[in-house]
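Visitor: I need the structure of the sequence given here:
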Amino acid sequence: MKSDKNIYDVAGIGIGPFNLGLAALAEPIKNLSTIFLEQKSEFNWHDGMLIPGSTLQVSYLADLVTLADPSSKFSYLNFLRSHNRLIQFGVHEQGYITRSEYNRYCRWVCGQLNNLIFGYKVNHIHYDPKQDVFIVSCYDKKADMTQTIKARKLVVGIGSQPGLPCNSHEFLGDKVLHAADYMYRRPEILKSKKVVLIGSGQSAAEIFYDLLYQLDTIKTPLHWYTRSDRFYAMEHSKLNYEMTSPDYIDFFYGLERDEKTRLLKNQATLYKGINHQLINAIYDRLYSLFTEGYDKHIKIQAHAELRSVSRGEGDLYNLEFYHNAMHQKFTTDAASIILATGYASRVPDFLGSLENIIKRNADGSLQIKRSYSLDDANRIFIQNAELHTHGFNAPDLGLGAYRNAVIINTILGEDHYPVDFGTSFQSFGCAV
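Guide: Prediction:
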């Protein structure tokens with residue numbers, strides 16, 4: 001076993017957009033030593049969903065750093081400048097960039113940072129109270145050996161895992177897949193005899209729209225089902241956008257647990273729906289197919305909850321649904337099943353040895369402080385796992401820079417980065 005004798009101020013576990021943003025914002029701080037570990041060999045953000053033409057739901061200003069430090073060399077505008085594309089971007093006049101472009105931007109940032117290590121899988125973390133440090137045990141895939149890293153603070157940003165309905169996990173493979181693997185399996189899906197898509201969020205809509213253009217819908221049935229009572233469009237209004245703000249986080253964080261749960265149940269269309277441009281484009285494509293007589297094999301249905309998956313005849317699968325409004329079962333078959341059924345946050349196994357430090361609520365959920373830390377001493381921080389404590393905007397890329405500013409300021413014990421407040425025209429609490 002090889003040990004790193006350096007003790008870092010911060011060790012980040014996982015290199016997704018949020019921890020990458022933290023690494024970028026930490027880089028110019030000379031008195032803050034950081035290291036970030038990722039088990040993958042390189043950065044790729046949801047590479048299985050990099051469908052050509054699909055766009056982010058937030059402005060290009062919601063990059064890794066700009067909303068905390070507009071002068072940062074790691075901004076998206078500087079990425080454009082370095083590639084001689086800034087003027088073209090201005091002429092293009094589009095505030096929303098594609099997912100592929102965002103991924104290229106993030107990889108560009110990775111190439112400029114020396115505090116990132118890829119190919120390191122964290123297996124165990126031990127806290128040494130004598131040194132007041134965390135000892136992080138990692139498997140170095142390239143060297144095929146265990147490495148040990150020491151740090152005074154941890155920031156966990158490992159992302160979420162695919163959510164799978166009923167017993168569908170039993171059949172995962174080339175023909176039954178989560179949306180996260182769509183682009184990997186797309187060539188095989190396009191050869192299928194019948195494709196069934198489950199889910200009604202943005203990812204499901206992007207896949208359906210892609211298949212409307214890629215599949216031979218004259219011959220290949222394409223069915224789209226959701227358990228929701230309709231295909232929701234995401235709410236787009238400036239007053240609603242104000243809810244993706246530090247002001248709303250302050251309001252939400254101070255509410256009682258039951259009230260938080262009630263509010264979250266009613267806020268799905270603020271962050272889970274389909275953007276209105278895409279949902280309209282889908283309808284326009286359907287209309288075009290309809291006028292040409294090519295829509296015979298296309299079916300879209302709400303109220304349809306997938307209850308079970310089983311093997312059918314030949315290479316087909318049988319799917320059993322329950323109609324939530326009519327309270328009836330119905331079935332269909334499929335050659336390929338795409339499960340665009342969202343993601344669920346997870347607490348990694350390597351935090352198991354820190355349970356005596358981490359705070360939990362009575363129901364076992366993480367007790368996350370306003371500063372995004374999991375312990376009383378602000379030693380362990382977490383990214384994008386605070387939906388139940390901080391509100392629906394936890395996964396919003398636009399708040400990543402803000403959250404990282406809060407984390408950095410808390411670690412330093414001073415306001416290194418400005419933190420926005422009082423930026424909303426509306427009052428979320430009791431107006432004075």
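
Visitor: Quick check, Ile382 in contact with Ile368.
Guide: Yes. Taking Cβ atoms under 8 Å as the definition, Ile382 is a contact partner of Ile368 at 6.5 Å. Using the backbone N, CA and C atoms, a C-beta is placed for each residue, glycine as well.

Visitor: Name the residues contacting each of these two.
Guide: By the contact definition Cβ atoms under 8 Å, 6 or more residues apart in numbering, Ile382 and Ile368 are jointly contacted by Leu374.

Visitor: SS state for Phe89?
Guide: Per DSSP: H, G, I helix; E, B strand; the rest coil, the secondary structure class of Phe89 is helix.

Visitor: can you map out the helices along the stretch 201-350 of the chain?
Guide: Ranges of helices within the stretch 201-350 of the chain are 202-214, 238-241, 246-253, 257-265, 268-271, 276-291, based on DSSP state H, counting those that start in this stretch.

Visitor: Mind listing what's buried along the third one?
Guide: Going by neighbour count (16 or more other Cβ atoms under 10 Å), the buried part of helix 246-253 is Pro246, Asp247, Tyr248, Ile249, Phe251, Phe252.

Visitor: What is the nearest of those to Leu154?
Guide: Distance ranking of the buried residues of helix 246-253 against Leu154, using Cβ to Cβ, places Ile249 first at 21.9 Å.

Visitor: which ones are touching the closest one?
Guide: With contacts taken as Cβ under 8 Å, 6+ apart, Ile249 has the following neighbours: His390, Gly391, Asn393, Leu399.

Visitor: Go again with 7 Å.
Guide: Contacts were defined as Cβ atoms under 7 Å, 6 or more residues apart in numbering; by that measure Ile249 touches His390, Gly391.

Visitor: tell me which helix or strand of the chain sits lowest on mean pLDDT?
Guide: The element with the least model confidence among the helices and strands of the chain, by mean pLDDT, DSSP states H and E, is strand 2-13, at a mean of 80.

Visitor: What average pLDDT does whichever helix or strand comes after that one get?
Guide: Scanning forward in sequence from strand 2-13, with DSSP states H and E defining helices and strands, the next element found is helix 17-26. For helix 17-26, the mean per-residue pLDDT is 98.

Visitor: Run through who's touching helix 17-26.
Guide: For helix 17-26, contacts defined as Cβ under 7 Å, 6+ apart pick out 10, 12, 32, 34, 36, 45, 64-65, 68-69, 72, 74, 106, 109-110, 113, 115-116, 155, 157, 383-384, 397, 400-401, 404-405, 407-408, 417.

Visitor: Just the closest of the buried residues of helix 246-253 to Gly429, please.
Guide: Lowest distance from Gly429 to the buried residues of helix 246-253 (Cβ to Cβ) belongs to Phe251, with 5.2 Å.

Visitor: May I have the residues that are in contact with that closest one?
Guide: Phe428, Gly429.

Visitor: Distance-wise, check it relative to Asn404.
Guide: To Asn404, Phe251 is 21 Å away according to Cβ to Cβ, to the nearest Å.

Visitor: how about the helices of the stretch 201-350 of the chain in TSV, adding distance to Ser82 and mean pLDDT?
Guide: TSV is the format used below for the helices of the stretch 201-350 of the chain (distance: least, Cβ to Cβ, whole Å; pLDDT from 0 to 100):
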stretch	distance to Ser82	mean pLDDT
helix 202-214	29	96
helix 238-241	30	92
helix 246-253	30	96
helix 257-265	40	94
helix 268-271	32	86
helix 276-291	29	95
